[in-house]
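Visitor: Predicted coordinates and the sequence they were generated for:
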Amino acid sequence: MTDRVRYELSKALTAAGIILYIPANFLPVMTITITGQVESLTVMGGVMELYDTGLVPVAAVVFLASVVVPVVKLVSLSWLLGLHGSDVASSHRMNVHTFLIRIGTWAMIDIFLLSILVAVGQLGILASVQAEVGALFFGAMIICTLYAADIYKTHMIWPQPLPKSK
Amino acid sequence: MTNQHEQHDHGVISDSRKRSVAWVLIFPLIAAAATAWFLWTDYKSMGPEIEISFDEVPGIQAGKTPLVYRGVDAGMVSAVELDKNLNKVLVKVRLKEFAAGLASEETDFWVEKPVITLAELTGLESIIQGNSIRARNPGGAPETHFVGLSEPPLMPLLPGSFTVRLKGTQIPFLNRGTPVYHQGVKVGLVREKLIDENGTPELRVMIEQAYRGTLRTTSRFWRLPATSMKFGQHGFKLDVEGVDALVQGALAFDHFERNGMEISNEALLELSGTEFAARSAGRLLTVSFDNARGITPGETKVCYLGQPIGLVESVQPSPSSGLILAAVRLMPEYEHLADTAASFTLVRPHVSLQGVTGLDTLVTGVYIELAPGTGGTHTDLFAGRSVTTEEWERLQSERQGLAFTLSAENLPPIGKGTPVLYKGVVVGAILEKKLDEREKPILNGIIRPEFRNALDADARFWRVPATSIKAGPGFLQFDVNGLQGLMQGAIAFDIFTPRTKTAAQNSQFALYEDEANARALSAPIKIRFVNGRGLSPGQTELRYLGVPVGVVDAVETAEGRVVVTSRLNQGYEFLRREDSFFSIVRPNISLQGITGLETLISGVYIECTPGSSKRLADSFTGRSTIDAEEILQSGLTLSLLSDATPINAGSSVYYRGINVGRVTAKSLSSDGRQIMLTIVVEKKYRHLVRTNSKFWDSSGLKASLGFLQFRIQTESIMAPDGRIAFATPDNSTMGAAAKSGDSFELNHESRPEWLKWNPSIPVGE
């Protein structure tokens, strides 16, 4: 795979991630039913719910992982890819990219949390948790950003002159 | 070359870049397509949004509360708002696409919430799943604005149930949801309880379609009380008609007439208070009474031969006359009884000091007896009579039974209802106790028709006491003449002579004190006694050989004597012989012994001893001696002569320590020089007395004081009156057997040799 292909693929995946981000945030990711009280939660709604319940640290972690990280990733990726080929702030971009790779997996914490909730939270009519389509979009969005960040290599930040001559 | 090469290379790269760009675009395209597709299907699954207005919507939340139709999520509340005037809640519901049909004008919407009362337990799932908005019965033109029902409908799935309206004077205990039963099957529910425009309460009852055929125009509804308690002669009865009925009562219906037709929706039927009232669905009869005391509308029954066949529906005074008009309905099958020949009689209980009669009416209240006649014509208007049960029974019995009148001197516990017995069988009853024109108590009685032949013109009546105790030596008899007899006694009659003819209606009879009195048929005899102590009329018996043969009727005094009037029973006329004698037997307790002990319990009696004369007499002189028996037994009468003796009449005569006779009299000898004791030796001992027998006075204490010896000889300390002993010499010198009237000397004390005599005296000699 050439750098060009990587670049284009990364761009495409980022675009797909941006597209998916919209339904991932506006559609509910899960439905919690507690003693008949049906509650469909979006990602942000889940954070609010956790915060309202008093679980501020958990809310903070989930907020970071589910809201901040994807947004930061999408924005950073767009920024990186937009500046592809130029030599503006190359060293900054490299640091950003390294940071992106590092935090990338944290975004999955939300999906991980949801999986556990759905698996554990089956208490019949008393309480049940069900994953909704939002989670699918969210997961797809995370995967897209993960690969987008991964495929785009650090060295590609630095513009390589075409081999004009041997 | 290089340029070409470069150009060529460049071109190749350029081409591959173009290709790779196109290939890479698939990811955002897929993402966009998925998003678009999802949003599109989401949009497509949304049906129309409807708006429902409610008075209140507890537990309804936008985005959370579903709209449920037949248990399926058919939509979601999208918004809950108040209207401008803050009077209504507007709930916006986004229907699902498949449920778009619910947005039609006939659909009912209501808020389902749990209802937990004693009578009703619904919407249980709402407790767990939260309240929801429910819909039913869609149909009609499309509509998006609705007014929600204020209460959940009773049968959410059966909108097409069939409704009848019930009218009743009062409909307590019946509420929404009260079950309706037909022959024990729940066929419907009370849907609504309201007051109609006329101000009368009305029930709207919903009958399930499947049971629609059970309703006819002739169907009658009645209330099943939640619990009914019956307290009557048959004890206490508690009915509970199922648990749901226990709390809220129930309705039932049935049809008691065949020719009913199918009923139309919203038909008007009648609701009765009880099943019996529902059954009494015949035509309305009007019975007029001059006094309707005790008649309770809806309670007082019309009875025919004791069986309830109808009910008084209402009682109201007649506007024109001073009568009370009772509206009566009979059961249809008995309607034919009510014609012009029939009579209605109000029967009341009768409580008096003599007792309570018509006890059933006390418990069940008064009732109206219908006595049907024959040959009457159809009518709806009757004139009723009102009587007490007493009168009624008499009326009834007079119609059928044989009436008689009893007269007596006094009638202590006998009153109305006392049974009349014939050979132990209750054949009639005393209906009335009153005074006749001569102020003597009389009893009016009746013999039941089936026994009227038992009452002979010569029958004798007597009182059977409630309980009687007959006691004597060796027997104690306790008679209880049945439970009824125990409480009030009874009257019995029997015929002691050959039957002559059956008594006529309203015959007069005398009432005797007891059976013995009644049995004594012959003319009374009069016996004169010096002392009548212990004699009581109606109680003291005449006995012959210990068997009662008659009874003392009256004890009077005349010419310083006691005159006892008594009657002898049939078959004992031989006791009236001229020379018969009568003596009073009294208990006699003295140190000599106790006689007539049985009279202690049974009272004194008069012992009869028949004479031998052929002539009969009515008047006798009685004796009050106690030695009559000994005389009868033809004992040996002897005279003992002594110059002085403390011994009195009544002292005993002993032979070798055995009592063999008695001193019957103490008198002076004919010349006055000596005291003569008349003794009687019992028949079985008479052979012991020989002409040479020696008699001596053995009474009292005899003490002899000797050297180192003090001896008290007491024949018997029990004989302060004195006692006489005798001894008979040994065989060679005993002499001939003594005869009645022989005289002996009474020695003051015995001689020692007398005591050693030991003769062997044969009986027959």
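Guide: Yep, it's here.

Visitor: So in chain A, which helix runs the longest?
Guide: Criterion DSSP state H: the longest helix present in chain A is helix A:3-26.

Visitor: close to chain B, is that one?
Guide: Yes - for helix A:3-26 and chain B, the contact criterion (CB under 8 Å from any CB of the partner chain) is met by A:4-5, A:8-9, A:11-13, A:15-17, A:19-20, A:22-23. Where C-beta positions appear, they are placed from N, C-alpha and C, glycine not excepted.

Visitor: How about the residues of chain A by chain B?
Guide: Residues of chain A lying near chain B (CB under 8 Å from any CB): A:2, A:4-5, A:8-9, A:11-13, A:15-17, A:19-20, A:22-23, A:27, A:35-40, A:125-126, A:133, A:137, A:140, A:144, A:165.

Visitor: Could you list the single helix or strand in chain A with the lowest mean pLDDT?
Guide: When the helices and strands of chain A are compared on mean pLDDT, DSSP states H and E, strand A:37-41 comes out lowest with a mean of 76.

Visitor: could you say what helices and strands it packs with?
Guide: Judged by 3 or more CB pairs under 8 Å, 6 or more residues apart in numbering or on different chains; DSSP states H and E, strand A:37-41 is in contact with strand A:30-34.

Visitor: Next SSE downstream of the helix or strand of chain B with the lowest mean pLDDT?
Guide: When each helix and strand of chain B is scored by mean pLDDT, DSSP H and E, helix B:628-632 comes last, with a mean of 48. Counting by DSSP states H and E, the next helix or strand C-terminal to helix B:628-632 is strand B:636-642.

Visitor: so what does that following strand touch, helix or strand wise?
Guide: By 3+ CB pairs under 8 Å, 6+ apart, strand B:636-642 packs against strand B:675-681, strand B:743-747.

Visitor: Could you rerun that using 10 Å?
Guide: The criterion is 3 or more CB pairs under 10 Å, 6 or more residues apart in numbering or on different chains; DSSP states H and E, and the helices and strands that strand B:636-642 contacts are strand B:658-668, strand B:675-681, strand B:694-697, strand B:723-727, strand B:743-747.

Visitor: Can you list the strands that the shortest one pairs with?
Guide: With DSSP bridges as the criterion, the sheet partners recorded for strand B:694-697 are strand B:723-727 (antiparallel), strand B:743-747 (parallel).

Visitor: Only the buried residues of stretch A:73-85, if you could.
Guide: Within stretch A:73-85, the residues scored as buried using 16 or more other CB atoms under 10 Å in any protein chain shown are A:Lys73, A:Leu74, A:Ser76, A:Leu77, A:Ser78, A:Leu80, A:Leu81, A:His84.

Visitor: Same check on stretch A:55-72?
Guide: Here stretch A:55-72 shows A:Ala59, A:Val61, A:Val62, A:Phe63, A:Leu64, A:Ala65, A:Ser66, A:Val67, A:Val69, A:Pro70, A:Val72 as buried, counting by 16+ other CB under 10 Å.

Visitor: tell me the pLDDT at the fifth one?
Guide: Among the per-residue scores, A:Leu64 shows a pLDDT of 84.

Visitor: quick one: secondary structure of it?
Guide: For A:Leu64, the secondary structure call by DSSP: H, G, I helix; E, B strand; the rest coil comes out as helix.

Visitor: Now do the same contact list for the residue lying closest to it once chain neighbours are set aside.
Guide: Excluding its sequence neighbours, the residue lying closest to A:Leu64 (CB to CB, 6 or more residues apart in numbering or on different chains) is A:Trp106, at 7.4 Å. Counting by CB atoms under 10 Å, 6 or more residues apart in numbering or on different chains, A:Trp106 touches A:Val61, A:Leu64, A:Ala65, A:Ser66, A:Val68, A:Val69, A:Pro70, A:Lys73, A:Phe112, A:Ile142.

Visitor: Assumed A:Trp106 was part of a strand.
Guide: No - counting by three-state DSSP, A:Trp106 falls outside a strand, being helix.

Visitor: From chain B, how far out is it?
Guide: From A:Trp106 over to chain B the distance is 22 Å, taken as CB to the nearest CB, to the nearest Å.

Visitor: in what helix or strand does residue 93 lie?
Guide: Defaulting to chain A. Judged by DSSP H and E, A:Arg93 forms part of helix A:90-104.

Visitor: wrong one, I was asking about chain B
Guide: Per DSSP H and E: strand B:89-96 holds B:Val93.

Visitor: quick check: mean pLDDT across that strand?
Guide: The pLDDT scores in strand B:89-96 average 88.

Visitor: Give me the mean pLDDT for stretch B:746-757.
Guide: The model assigns stretch B:746-757 a mean pLDDT of 81.

Visitor: Between the two ends of it, what distance do you get?
Guide: With CA to CA, to the nearest Å as the measure, the ends of stretch B:746-757 fall 18 Å from one another.

Visitor: which other residues reach it?
Guide: By CB under 10 Å, 6+ apart, the residues outside stretch B:746-757 that reach it are B:639-645, B:647, B:656, B:674-677, B:679, B:692-698, B:702, B:713, B:715, B:724-731, B:733-734.

Visitor: One more pass at 6 Å, please.
Guide: B:Leu640, B:Ser642, B:Lys694, B:Phe695, B:Trp696, B:Asp697, B:Ala727, B:Pro729, B:Asp730 (CB atoms under 6 Å, 6 or more residues apart in numbering or on different chains).

Visitor: Next, the contact list for the last one, please.
Guide: When contacts are counted by CB under 6 Å, 6+ apart, B:Asp730 is found next to B:Trp757, B:Pro759.

Visitor: give me phi/psi at it?
Guide: phi -60, psi 160 (degrees, to the nearest 10).

Visitor: Return the distance of it relative to chain A.
Guide: 127 Å.

Visitor: Equivalent analysis for the fourth one, please.
Guide: Applying CB to the nearest CB, one obtains 124 Å for the distance of B:Phe695 from chain A.

Visitor: Does that residue touch B:Phe744 like I think?
Guide: Yes - using CB atoms under 6 Å, B:Phe695 is in contact with B:Phe744, at 5.1 Å.

Visitor: Give me the common contacts of those two.
Guide: Here B:Phe695 and B:Phe744 have B:Leu640 as joint contacts, going by CB under 6 Å, 6+ apart.

Visitor: how many neighbours does the closest residue to B:Thr377 other than its chain neighbours have?
Guide: Once flanking residues are discounted, B:Thr377 sits nearest to B:Thr340: 5.1 Å by CB to CB, 6+ apart. The number of residues packed near B:Thr340 is 13, by other CB atoms under 10 Å in any protein chain shown.

Visitor: Kindly report the same for B:Asp290.
Guide: 13.

Visitor: Nearest residue to it in space, please, no chain neighbours.
Guide: B:Leu323 (6.1 Å).

Visitor: What strands line up against the least confident helix or strand of chain A, and which way round?
Guide: Partners of strand A:37-41 in its sheet, by DSSP bridges: strand A:30-34 (antiparallel).

Visitor: Give the buried residues for the strand it pairs with.
Guide: Under the neighbour-count criterion of 16+ other CB under 10 Å, strand A:30-34 has A:Met30, A:Thr31, A:Ile32, A:Thr33 buried.

Visitor: residues in contact with the first one?
Guide: Residues in contact with A:Met30, defined by CB under 6 Å, 6+ apart, are A:Leu41, A:Leu114, A:Val129, A:Ala131, A:Glu132.
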